[in-house]
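**Q** Here is a sequence together with a model predicted from it:
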Amino acid sequence: MLDDLGSLRLFDRIVALGSLSAAARDTGLSLAVVSKRLAQLERTLDVRLLNRTTRRLSLTEEGALLHAHVQRVLGEVAQAESALNGHRGRVTGTLRISAPNSFGRRWLVPALAAFVEEHPGLDVQLSLDDAVVDLVGEGFDLAIRYGVLADSRLVARELAPNRRVLCASPAYLSRRGVPRSLDELPQHDCILIGHLPMAEWRFGGGSGETSVRVHGHCVCDDGEAVQALALALAGAGRGGAGIALKSIWDVGEDLDRGRLVQVLPRQAIAAAPLHAVYPSGRYLAPRVRLFVELLARRLQAAWRWDPAPPAQAGRQARRSSSTKARAAGVGSGPQQA
């Protein structure tokens with residue numbers, strides 16, 4: 001008889017994390033206890049639930065059937081717990097979040113601090129990394145991501161407006177000149193995020209989308225370091241390592257203060273919306289739902305930049321128009337920041 005909710009929860013974690021040892025770490029149980037409780041569940045049901053090899057676990061047909069029902073049962077239990085906790089005004093448990101470095105430090109951490117102060121019974125585990133993590137496999141409740149959602153196992157909620165901008169320091173533009181069109185970008189030093197010394201930067205949208213292959217002598221896997229390189233190349237005394245492609249959420253303050261200048265501000269850049277992303281098919285715990293709502297409110301209140309320019313077809317030349325660049329003697333026209 002299936003009357004042990006704890007064993008069903010453990011079975012769900014084993015499936016989600018893909019191994020007994022990962023489930024043991026996640027739940028704080030020993031590997032021996034996890035293995036014993038799984039064996040007891042299989043004996044109770046008189047079926048094998050998992051195929052075990054030295055490399056991986058896979059669900060049997062019976063295990064897949066049980067897991068589908070277990071997810072529904074646990075979802076209903078979570079709803080009942082939520083109703084009770086909501087009635088008492090409590091938010092508890094552990095909120096596990098993944099987010100990009102720059103955005104996390106600048107915008108997410110202050111929101112989390114306010115949320116924890118409002119809900120002192122809540123624990124938080126925050127991972128800041130520009131790499132895209134496996135939410136389901138690594139046990140995250142929530143991730144903050146830029147761009148279009150590709151994983152069908154996930155649900156995305158748009159948090160706030162976002163646009164990406166090309167930017168560089170006034171000193172760099174004074175030294176190397178201001179690009180007047182997309183065709184001039186390959187002749188410039190570009191600061192790339194990733195591991196390769198070249199990248200395809202996409203512009204426009206829909207049928208008018210185009211891409212430009214750019215090269216960079218500075219390549220970094222950390223978005224915050226890319227921003228720092230754009231501001232100043234440490235020790236070189238020249239001011240700015242090149243042109244970077246960044247979210248306005250990361251560089252908006254630097255643009256406002258004139259530390260960075262927008263390049264080709266009238267050029268539409270392929271969209272990269274800002275989303276809260278969480279696993280589908282799972283009831284959204286109050287701690288996740290309430291934090292997403294709080295973060296969305298704070299970001300929408302903080303948004304102060306012009307919308308992105310409309311997408312236009314082709315690689316049409318456009319003049320750079322930056323008042324701050326003009327002040328530095330390197331450009332002309334109004335800045336959109």
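**A** Structure received. Numbering: from 1, shown residues only.
**Q** and the residue sitting nearest the centre point of the chain, which of the three is it?
**A** Note on the chain: the residue nearest the mean C-alpha position is Arg145, at 2.3 Å, using C-alpha atoms, centre = their mean. Put simply, Arg145 is strand when judged by DSSP: H, G, I helix; E, B strand; the rest coil.
**Q** Cross-check the contact I'm expecting between Leu66 and Val15.
**A** No - taking contact to mean C-beta atoms under 8 Å, the distance of 9.5 Å between Leu66 and Val15 leaves them out of contact. From N, CA and C alone the C-beta is placed, and that goes for glycine too.
**Q** Can you show me the helices along the chain?
**A** Counting by DSSP state H, residue ranges of the helices within the chain are 5-17, 20-27, 31-45, 61-88, 101-103, 109-118, 135-138, 170-176, 223-231, 248-256, 286-302, 323-327.
**Q** which residues touch Ala143?
**A** When contacts are counted by C-beta atoms under 8 Å, 6 or more residues apart in numbering, Ala143 is found next to 97-99, 133, 135, 276-278.
**Q** Could you count how many residues lie near the residue lying closest to Gly63 once chain neighbours are set aside?
**A** In space, and not counting its chain neighbours, Gly63 is closest to Leu49: 3.7 Å by C-beta to C-beta, 6 or more residues apart in numbering. Leu49 is flanked by 22 other residues according to other C-beta atoms under 10 Å.
**Q** From Asp189, how far out is Leu49?
**A** Distance, Leu49 to Asp189, using C-beta to C-beta, to the nearest Å: 56 Å.
**Q** and if you look at Leu142?
**A** Summarising the geometry, the distance separating Leu142 from Asp189, computed by C-beta to C-beta, is 36 Å.
**Q** where in the stretch 51-200 of the chain is pLDDT low?
**A** 54, 82-89, 151-152 (pLDDT under 70).
**Q** make that the stretch 201-337 of the chain, sorry
**A** For the stretch 201-337 of the chain, residues meeting the criterion pLDDT under 70 lie at 205-207, 233-239, 281-283, 308-337.
**Q** 90 instead, please
**A** 201-211, 215-242, 259, 266-273, 278-287, 289, 304-337 (pLDDT under 90).
**Q** And the strands in it?
**A** For the stretch 201-337 of the chain, the strands defined by DSSP state E, counting those that start in this stretch cover 210-215, 218-220, 243-247, 261-263, 274-279.
**Q** got those as a markdown table, with distance to Val34 and mean neighbour count columns?
**A** Formatted as a markdown table, the entries for the strands of the stretch 201-337 of the chain read as follows, by distance: least, C-beta to C-beta, whole Å; neighbours: other C-beta atoms under 10 Å:
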| stretch | distance to Val34 | mean neighbour count |
| --- | --- | --- |
| strand 210-215 | 48 | 16 |
| strand 218-220 | 40 | 18 |
| strand 243-247 | 41 | 24 |
| strand 261-263 | 54 | 27 |
| strand 274-279 | 21 | 22 |
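**Q** Nearest approach to Arg56 belongs to which of these?
**A** When these are ranked by proximity to Arg56, the top entry is strand 274-279, at 19.9 Å, counting by C-beta to C-beta.
**Q** Determine which member of Leu142 and Asp189 has the greater number of neighbouring residues.
**A** When neighbours are counted by other C-beta under 10 Å, Leu142 comes out ahead of the other of Leu142 and Asp189, with 23 against 19.
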